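Student: Please work out how this folds:
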Amino acid sequence: MFIRFLILFITVPIVEIYVLLQAGEIIGLAPTIALILLTGIAGAYLARTQGTQTIQKIQIALNRGEMPTEELIDGAMILAGGLTLLTQGFCTDLMGFCLLVPTTRSIIKGWVRHWLARMASQGNIRIYRG
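Tutor: The predicted model follows:
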């Protein structure tokens, strides 16, 4: 697992620098910087609105005495999307927006749900109920 994270932490910045340099070469320095700022502002707004809505859904489910599992997955994905938007670069911004937009998040959530079920069936995730 350490090797995977090491490869990830090395390759992502290299890819981001390459894409930023290519974008700067194609559209120019000022538009590239403007796009970076625009995606940051739009991402912060989207993360805030989606996060607020998800917190309200969690509170509603808890008030009804239900376990808000879907909402918690949404919340984790919104948090991950917001964090990837903090990383400057177009590739991570694209990934962050995919996690923040409800339509694409629902598709990714299906994959995450499947992955979590597989991990739990293999015994790699333990769920303790108090």
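
Student: And for stretch 1-18, what's in contact with it?
Tutor: Applying CB atoms under 8 Å, 6 or more residues apart in numbering, the contact partners of stretch 1-18 are 87-92. For the C-beta atoms, the positions are set from N, CA and C on the backbone; glycine is no exception.

Student: And stretch 48-60, by the same measure?
Tutor: 68, 71-72, 74-75, 78-79, 82, 100, 102.

Student: Mean confidence (pLDDT) on the longest helix along the chain, please.
Tutor: What stands out as the longest helix in the chain, according to DSSP state H, is helix 29-63. Average pLDDT, helix 29-63: 91.

Student: Name the residues of stretch 64-76 that are buried.
Tutor: Neighbour-count burial for stretch 64-76 flags 68, 71, 73-75 (criterion: 16 or more other CB atoms under 10 Å).

Student: Nearest residue to residue 92 in space, ignoring adjacent ones along the chain?
Tutor: Spatial nearest neighbour of residue 92, chain neighbours left out: residue 84 (4.5 Å); criterion: CB to CB, 6 or more residues apart in numbering.
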